[in-house]
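J.: Got a predicted structure plus its sequence, pasted below:
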Amino acid sequence: IFLKSLPTLVCIFRDALQRTIMTVDIIPTYFVSHGGGPWPYMKEQYGNLFDRLETSLQDIPHQIGSAPKAVLVISGHWEETEFTISSSPNPPMIYDYSGFPAHTYQVQYKAPGSPELAMRVRSLLEDAGHSAHLDDKRGFDHGTFTVMYPMYPDAQIPIVQLSLKRGYDPKLHLEVGKALAPLRKEGILILGSGLSYHNLRHFGSSGAVASQQFDRWLQQTLIQSTPTQRSDRLIDWEKAPSARLAHPQEDHLIPLMVAVGAAQDEAATCIYHEENLFGGIVASSFRFG
């Protein structure tokens, strides 16, 4: 009896294994709020201010499971007239902040780059009709290394950065995310790095109401809406409550569009939520898939 049923058992096991492999191989995408300045390297100055954010970033590798082959970061700190991809095998550091302690200008996050991934990204974008260029001089800005350090402190996973395109067209960046979606089956983590609230003139208590209103809209848009509704609402994000108070310039919001576009029909989960960051603002991060 056992021998007769063996082929059936093998098929069942094989199908279950294939389903498991398919599930594991499709890596979620993320939009993370990356905090303020070089905060992971300022524990003495900041104390426990960013503890909740740090914990959420440290948990991402556990959510993914096995380490990704590489990470594609879309940082709110890099924009170009055309989409541009960092292609250096050994990217330098970019200290794109001012007024911080001297040691923060000596920080080194020595992850390798990946010219191969850079060319793959360019190919995917060009196949989808988007002009894209390689930049073999571009280094890691703080929108990249401040989130990668808590996630992968050993700096062994290759990182490639993709710029935003000047003009911040949300529909275009959603389409770019869709073009990049095949990377998720190739072991690549797609990570949008910005801030769910970014108004430097109104941090702390003066930004509390605006950040609460915009975050409430963001949670509803990302988590409670259908995929079509989600895209439509993101394209019209300026109609959200306190939209321009939350993002006078949307450089820190647009990385979200790429992360959503790469996970078109998949559910969103809020992985970080804080209601008193910088003395009063609400900030959130999200996983898609």
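T.: Done, it's in. Numbers count the residues shown, from 1 in each chain.

J.: pLDDT weak spots in the stretch 1-150 of the chain?
T.: 1-24 (pLDDT under 70).

J.: Please enumerate the helices of it.
T.: Applying DSSP state H, counting those that start in this stretch to the stretch 1-150 of the chain gives helices spanning 2-25, 43-46, 51-64, 115-127, 142-151.

J.: what residues does the second one touch?
T.: It stands for helix 43-46. Outside helix 43-46, the residues within contact range by CB atoms under 8 Å, 6 or more residues apart in numbering are Trp39, Pro101. (C-beta placed from N, C-alpha, C; glycine too.)

J.: in that helix, what's buried?
T.: Within helix 43-46, no residue is scored as buried using 16 or more other CB atoms under 10 Å.

J.: Repeat that for the third one.
T.: Of all the residues in helix 51-64, those buried under the rule 16+ other CB under 10 Å are Leu53, Glu54, Ser56, Leu57, Ile60, Pro61, Ile64.

J.: May I see those arranged in CSV, with distance to Ser123 as well?
T.: Supplementary listing: these in CSV, determined by distance: CB to CB, whole Å:
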residue, distance to Ser123
Leu53, 34
Glu54, 35
Ser56, 33
Leu57, 30
Ile60, 27
Pro61, 28
Ile64, 24
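
J.: ok, so of these, who is nearest Gly37?
T.: Of all those, Gly37 sits closest to Leu53, with 12.6 Å by CB to CB.

J.: Setting the sequence-adjacent residues aside, check what's closest to the closest one.
T.: Gly35 (5.3 Å; CB to CB, 6 or more residues apart in numbering).

J.: can you pull the contacts of the nearest residue to Arg216 once chain neighbours are set aside?
T.: Nearest non-adjacent residue to Arg216, counting by CB to CB, 6+ apart: Pro241, 7.3 Å away. Applying CB under 8 Å, 6+ apart, we find Pro241 in contact with Gln213, Phe214, Arg216, Trp217.

J.: Please indicate which of those are buried?
T.: When burial is judged by neighbour count using 16+ other CB under 10 Å, the buried members of the contacts of Pro241 are Gln213, Phe214, Trp217.

J.: which residues touch the second one?
T.: Taking CB under 8 Å, 6+ apart, we find Phe214 in contact with Ser196, Tyr197, Ala240, Pro241, Ser242, Ala243, Leu245, Ala246, His247, Val282.

J.: Repeat that for the last one.
T.: The contact partners of Trp217, taken as CB under 8 Å, 6+ apart, are Ala240, Pro241, Ala243.

J.: Out of these, which sit inside helices?
T.: Secondary structure defined by DSSP state H assigns Ala243 of these to helices.

J.: between the contacts of Trp217, which is nearest Val260?
T.: Ranking the contacts of Trp217 by separation from Val260, with CB to CB as the measure, puts Ala240 on top at 14.7 Å.

J.: didn't that closest one look like it was pressed against Leu218?
T.: Yes - contact between Ala240 and Leu218 holds when scored by CB atoms under 8 Å: they sit 7.5 Å apart.

J.: out of those two, which sits in the busier spot?
T.: Summary of the neighbour comparison: Ala240 and Leu218, criterion other CB atoms under 10 Å, with Leu218 having more neighbours (26 against 20).
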